[in-house]
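Asks: Okay, predicted coordinates and the sequence, questions at the end:
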There are 2 protein chains.
Amino acid sequence: MQSPDRRSGKVGRPPRLSRDAILTAAQRILDEEGAERLSMRRLAKELSSTPMALYHHVQDKDELLMLLLEAHARSFPRPRFPEQPRERLFAGAQVLHDILADCPWVVEVLASDKFVSLSAMWIVENMIDALIACGLSPDDAVYAYRVIWYYTVGELTVRFNRERTRDAKAPPYRQRVMSSVTESDFPRLAVIGPRWVELTSVDHHRRGLEAVIDGLLAQNV
Amino acid sequence: MQSPDRRSGKVGRPPRLSRDAILTAAQRILDEEGAERLSMRRLAKELSSTPMALYHHVQDKDELLMLLLEAHARSFPRPRFPEQPRERLFAGAQVLHDILADCPWVVEVLASDKFVSLSAMWIVENMIDALIACGLSPDDAVYAYRVIWYYTVGELTVRFNRERTRDAKAPPYRQRVMSSVTESDFPRLAVIGPRWVELTSVDHHRRGLEAVIDGLLAQNV
DNA sequence: ACCTGAACACCGTTCAAGT
DNA sequence: ACCTGAACACCGTTCAAGT
């Protein structure tokens, strides 16, 4: 199905841009300026080109983000999975989380429904397989996988938002709420208040994942 | 602390806009055109005013969204909570989810770190209290609340994205991935494939919540 | 085939001026 | 005190034209 023009490479104007060059430049912007600065216009500038030149190599911004995620997932070290199904499930959920934790722009990819990364499918396959090996029916395995996925997405969303607004000063509205919490009619929150904002570590995420998985497995015996 | 000008209402130009009018108009746009159409400019048009007039009544778009959420949470029927702590926790998590499930724009509110809704604080207070009544330490209660919160945020994020892109046709990239999944090297996914895209019902969410909660409580005995 | 320039249809927000 | 208009600094994407 390959067009002869592409194969011979002798017809038409020779390309100055390439998918690879675009992805590399995009990654550089991501690393140096953050996900919120990556726009088609900014990227074109980085490549000393025009926004529309990019559309010859990717379909739209969503595909660009998808390709970045794909490349990242491919380059991610593939761990050896344990034999024991419960541990295998846990390891799968963890590597899924860790891959995405490096990609602050997943939120946007997630927003476009194009989030079906081939390079991460083996993990999903593995998790479903582990769930079935744990004794779940195929339907229950899908359900359980979804619960784990929701937990993962939520953790990542909150994590990225915290990182993004880390050094921004709290708006006045929030201060008003906070003081009303610590002073008054929320005794439990008042006690906990000071400890509330603690950083959420990787350990917390693992422990939560353990709870979610064990809760799911206990439901299906 | 109230300014005399505001009290007498006799100084300066009489107001044509009000917070209430702005919030009502915003809600109308939300209902009729969806969250992605609510912009300061669109809202100004709805009120036959200019974008900048709005900034006299709200600080910025984030505060506007926050106020909308606040109003919604206040108007939401407050259920009677069961006595039993585990059931109380479950009921709290559920009402938290249900309140937010009506607000497709929470995702944006969440993104701004201003998401501290006073009108929903009683729920959080109640959940923390229930967790402590279940025997958790204050620190463990915060951790457990967070896990439930992540699950909730993840469910809502995925839910809204699915709703938003419900009737949009799948992009070619996705089709490529899907066929490679059903055809080839993912036997588990191939079997499950057809059932994968099923709608996620409220029942699914409850069952998942149950698993998460029981998993958390089992961790702390 | 590959790229450019101008344009469309949007954003949130600031600033200086008007009533 | 409340509102307007113009402007700043952006978006993603389409379309017609150039090489």
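Replies: Sure thing, it's come through.

Asks: give me the residue from chain A nearest chain B.
Replies: In chain A, the residue that lies nearest chain B is residue A:215 (2.4 Å; CB to the nearest CB). C-beta coordinates here come from the backbone N, C-alpha and C atoms, glycine included.

Asks: May I ask which helix or strand encompasses that residue?
Replies: Using DSSP states H and E, residue A:215 falls within helix A:202-219.

Asks: got the angle for that helix vs helix B:202-219?
Replies: With axes from the mean of the first three to the mean of the last three CA atoms, to 10 degrees applied, the angle from helix A:202-219 to helix B:202-219 works out at 110 degrees.

Asks: Which secondary structure elements does helix A:202-219 sit against?
Replies: Other elements packing on helix A:202-219 under the criterion 3 or more CB pairs under 8 Å, 6 or more residues apart in numbering or on different chains; DSSP states H and E are helix A:85-101, helix A:138-164, helix B:138-164, helix B:202-219.

Asks: is chain B contacted by the first one?
Replies: No: using CB under 8 Å from any CB of the partner chain, helix A:85-101 stays clear of chain B, with a minimum separation of 10.9 Å.

Asks: Dump the C-alpha coordinates for that helix into CSV.
Replies: Provided in CSV are the C-alpha atoms of helix A:85-101 (Å, rounded to 0.1, in the frame of the first residue of the first chain):
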residue,chain,number,x,y,z
PRO,A,85,-0.4,-13.6,39.6
ARG,A,86,-1.1,-11.1,42.4
GLU,A,87,2.4,-9.8,42.3
ARG,A,88,2.3,-9.7,38.6
LEU,A,89,-0.8,-7.6,38.7
PHE,A,90,0.8,-5.3,41.2
ALA,A,91,4.0,-4.9,39.1
GLY,A,92,1.9,-4.2,36.0
ALA,A,93,-0.1,-1.5,37.7
GLN,A,94,3.1,0.0,39.0
VAL,A,95,5.0,0.1,35.7
LEU,A,96,1.9,1.6,34.0
HIS,A,97,1.8,4.3,36.6
ASP,A,98,5.6,4.9,36.4
ILE,A,99,5.6,5.3,32.7
LEU,A,100,2.9,7.9,32.8
ALA,A,101,4.3,9.7,35.8
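
Asks: separation between the one residue in chain A that gets nearest to DNA strand C and residue A:48?
Replies: Closest residue of chain A to DNA strand C, CB to the nearest atom of the strand: residue A:12 (2.2 Å). Between residue A:12 and residue A:48 the computed distance is 21 Å (CB to CB, to the nearest Å).

Asks: Looking only at neighbour counts, state which of these two leads.
Replies: Set residue A:12 next to residue A:48 and count neighbours by other CB atoms under 10 Å in any protein chain shown: residue A:48 wins out with 10 against 7.

Asks: Can you tell me the SS state at the more buried one?
Replies: With DSSP: H, G, I helix; E, B strand; the rest coil as the basis, residue A:48 sits in coil.

Asks: Let me know the pLDDT of it.
Replies: pLDDT for residue A:48: 97.

Asks: worst-scoring helix or strand of chain A, pLDDT-wise?
Replies: In chain A, no helix or strand scores lower on mean pLDDT, DSSP states H and E than helix A:4-8, which sits at a mean of 44.

Asks: So what touches the helix or strand just after that helix?
Replies: Per DSSP H and E, helix A:4-8 leads on to helix A:19-33 as the next helix or strand towards the C-terminus. With contacts defined as CB atoms under 8 Å, 6 or more residues apart in numbering or on different chains, helix A:19-33 is touched by A:37-38, A:42-43, A:46-47, A:54, A:57-58, A:64, A:67-68, A:71, A:104-105.

Asks: how far out from the middle of the chain is the helix holding residue A:215?
Replies: With CA atoms, centre = their mean, to the nearest Å as the basis, helix A:202-219 stands 19 Å off its chain's centre.

Asks: Show residues contacting it.
Replies: A:86, A:89-90, A:93-94, A:97, A:134, A:144, A:147-148, A:151, A:155, B:143-144, B:146-147, B:150-151, B:207-208, B:210-216, B:218-219.

Asks: Restricted to buried residues, select these in PyMOL.
Replies: This is how PyMOL selects the buried members of the contacts of helix A:202-219, with burial counted by 16 or more other CB atoms under 10 Å in any protein chain shown:
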select buried, (chain A and resi 86+89+90+93+94+97+134+144+147+148+151+155) or (chain B and resi 143+144+146+147+150+151+207+208+210+211+212+213+214+215+216+219)
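
Asks: got a list of what residue A:93 touches?
Replies: Contacts of residue A:93 (CB under 8 Å, 6+ apart): A:127, A:148, A:152, A:209, A:213.

Asks: who in chain A is up against DNA strand D?
Replies: A:13, A:37-42, A:51-52, A:55, A:60-62 (CB under 7 Å from any atom of the strand).

Asks: give me that answer again for 6 Å
Replies: Applying CB under 6 Å from any atom of the strand, we find that chain A lies next to DNA strand D at A:13, A:39-42, A:51-52, A:55, A:60-61.

Asks: Separate out the buried members of those.
Replies: Neighbour-count burial (16+ other CB under 10 Å) applied to these gives A:40, A:61.

Asks: Pick out the most distant pair among the residues of chain A next to DNA strand D.
Replies: Spanning the widest gap among these are A:13 and A:39, at 25.8 Å by CB to CB.

Asks: Model confidence for the nearest residue to residue A:155 once chain neighbours are set aside, exactly?
Replies: Closest residue to residue A:155 apart from its sequence neighbours, by CB to CB, 6 or more residues apart in numbering or on different chains: residue B:150 at 4.6 Å. At residue B:150, the model reports a pLDDT of 95.

Asks: measure residue B:150 to residue B:104 for me?
Replies: Distance of residue B:150 to residue B:104, given as CB to CB: 19 Å.

Asks: what do you get for residue A:189?
Replies: For residue A:189, the distance to residue B:104 - CB to CB - is 27 Å.

Asks: quick one: low-confidence parts of chain A?
Replies: A:1-11, A:113-116, A:166-175, A:177, A:181-183, A:197-200 (pLDDT under 70).

Asks: domain parsing for it?
Replies: Annotated domains of chain A cover A:19-74, A:85-219 [the TED database].

Asks: Would you mind giving the ones you listed as a markdown table with distance to residue B:179 added?
Replies: Output for those, formatted as a markdown table (distance: least, CB to CB, whole Å):
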| stretch | distance to residue B:179 |
| --- | --- |
| domain A:19-74 | 16 |
| domain A:85-219 | 11 |
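
Asks: right, so the ones you listed: which one is the most enclosed?
Replies: Of all those, domain A:85-219 has the most neighbours on average by mean count of other CB atoms under 10 Å in any protein chain shown, namely a mean of 18.
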